[in-house]
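# Okay, predicted coordinates and the sequence, questions at the end:
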Amino acid sequence: MPPTDVLLPALACGALSVAQVLAAFWPQMRGWMTGRAVPTIAARSAEKPTPVVPAGAFFAVWGPIYLSCLAFAAWLNWGVFAGDIHAERITIAAGWPAAGLFAGNTVWALWVPQRGLDLGSVLIIAAEVACGVWALTALRSLEPLSDLPLWLGAVPLRFLAGWATAAAWVNLSSWLAGRPGEEIRRPVLLNPRSTVGAIAALLCLIASVAAAAWWGQSLATALAGAWALLGVAWKNLSPDNSEPSVPDV
């Protein structure tokens with residue numbers, strides 16, 4: 001039996017990697033079971049569109065993210081019980097931060113369909129980003145990640161940390177903007193639907209993703225941020241940018 005300091009974070013990662021997937025699809029499952037229309041993340045996001053929300057198709061990246069997280073958790077638990085040194089090193093260094101990332105995703109995915117992109121969702125995803133920074137910092141302590149299993153084990157966390165960082169700014173911009181036509185008294189700099197506010201939000205998005213990639217010294221984190229920025233550019237340059245902000249997941 002693995003020691004407790006290795007076993008507990010590995011089990012937490014396994015349980016929460018599954019929980020975040022179930023939470024993401026819970027509105028659809030609930031609607032199917034009850035036969036009633038249930039608010040989804042896509043519907044809530046469409047209520048508060050801003051220029052810094054990526055095009056809907058780019059949110060399909062959640063599929064590979066969920067699969068990689070499940071694979072990461074499965075490998076972690078197999079390695080811990082098999083006595084694999086690589087899995088043990090990542091579990092000890094980044095097991096709890098990884099569990100925090102997955103937990104943040106789970107809570108956010110359950111919160112948004114019920115409450116929308118409100119201040120609560122901003123705080124939840126901010127806590128998730130904090131876990132992402134914690135994970136990136138922990139993984140840096142394992143450098144150099146020269147062994148292939150160790151490097152592959154770190155990639156899902158690094159990519160998710162980068163994507164969560166970008167998503168946090170998108171979430172914040174939607175909360176600040178409110179619904180179209182809704183009267184919200186904010187300085188123009190804090191209104192993402194104004195030109196100045198949109199530019200400020202975009203610059204903050206770029207800066208935060210770049211900082212996360214630099215801090216984590218990770219190409220995977222940089223690629224996640226680049227994907228989000230490409231989605232923003234695609235939506236704003238597309239002749240028809242009236243599509244929903246996110247797919248129905």
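Sure, I can see it.
# ranges for the helices of the protein?
4-34, 41-47, 62-82, 85-115, 119-140, 148-177, 195-216, 219-237 (DSSP state H).
# Adding mean neighbour count, mean pLDDT and distance to Val53, write these out as CSV.
The way it works is simple: take the backbone N, C-alpha and C, and place the C-beta from them, glycine included. Below are these laid out as CSV (neighbours: other C-beta atoms under 10 Å; pLDDT from 0 to 100; distance: least, C-beta to C-beta, whole Å):
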stretch, mean neighbour count, mean pLDDT, distance to Val53
helix 4-34, 17, 92, 18
helix 41-47, 20, 84, 7
helix 62-82, 18, 94, 14
helix 85-115, 22, 94, 13
helix 119-140, 20, 95, 14
helix 148-177, 23, 90, 5
helix 195-216, 18, 90, 10
helix 219-237, 19, 92, 7
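# so which of those helices gets nearest Pro54?
The minimum distance between Pro54 and those falls on helix 219-237, with 2.5 Å, by C-beta to C-beta.
# For the residue sitting nearest the centre point of the chain, give me its contacts.
When C-alpha atoms, centre = their mean is applied to the chain, the residue found nearest the centroid is Ala164 (3.1 Å). Residues near Ala164 by C-beta atoms under 8 Å, 6 or more residues apart in numbering: 101, 104-105, 125, 128-129, 132.
# same thing but 7 Å
Neighbouring residues of Ala164 by C-beta atoms under 7 Å, 6 or more residues apart in numbering: 101, 125, 128-129, 132.
# if we can go back for a sec, can you list the helices of the chain in a markdown table and add distance to Arg186?
Shown next, in a markdown table, are those (distance: least, C-beta to C-beta, whole Å):
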| stretch | distance to Arg186 |
| --- | --- |
| helix 4-34 | 30 |
| helix 41-47 | 17 |
| helix 62-82 | 30 |
| helix 85-115 | 20 |
| helix 119-140 | 13 |
| helix 148-177 | 7 |
| helix 195-216 | 8 |
| helix 219-237 | 21 |
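# nearest to Arg185, of those helices?
helix 148-177 (11.7 Å).
# now the angle from the closest one to helix 4-34?
For helix 148-177 and helix 4-34, the angle between their directions (axes from the mean of the first three to the mean of the last three C-alpha atoms, to 10 degrees) works out to 50 degrees.
# by how many degrees do helix 148-177 and helix 219-237 diverge?
30 degrees.
# so helix 148-177 versus helix 195-216, what angle?
For helix 148-177 and helix 195-216, the angle between their directions (the same axes, to 10 degrees) works out to 160 degrees.
# could you check the angle helix 119-140 makes with helix 148-177?
160 degrees.
# next one: helix 148-177 to chain centre, how far?
4 Å (C-alpha atoms, centre = their mean, to the nearest Å).
# Using CSV, write out every CA atom in stretch 220-239.
These are the backbone C-alpha positions of stretch 220-239, laid out as CSV (Å, rounded to 0.1, in the frame of the first residue of the first chain):
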residue,chain,number,x,y,z
ALA,A,220,1.8,23.5,-23.2
THR,A,221,0.7,26.5,-21.1
ALA,A,222,1.7,28.9,-24.0
LEU,A,223,-0.2,26.8,-26.5
ALA,A,224,-3.4,26.9,-24.4
GLY,A,225,-3.2,30.7,-24.2
ALA,A,226,-2.5,30.9,-27.9
TRP,A,227,-5.5,28.8,-28.7
ALA,A,228,-7.7,31.1,-26.6
LEU,A,229,-6.3,34.2,-28.4
LEU,A,230,-6.8,32.6,-31.8
GLY,A,231,-10.4,32.0,-30.9
VAL,A,232,-10.9,35.6,-29.9
ALA,A,233,-9.3,36.8,-33.2
TRP,A,234,-11.4,34.3,-35.2
LYS,A,235,-14.6,35.5,-33.6
ASN,A,236,-13.9,39.2,-34.1
LEU,A,237,-12.6,38.9,-37.6
SER,A,238,-15.3,36.5,-38.8
PRO,A,239,-18.0,38.0,-41.1
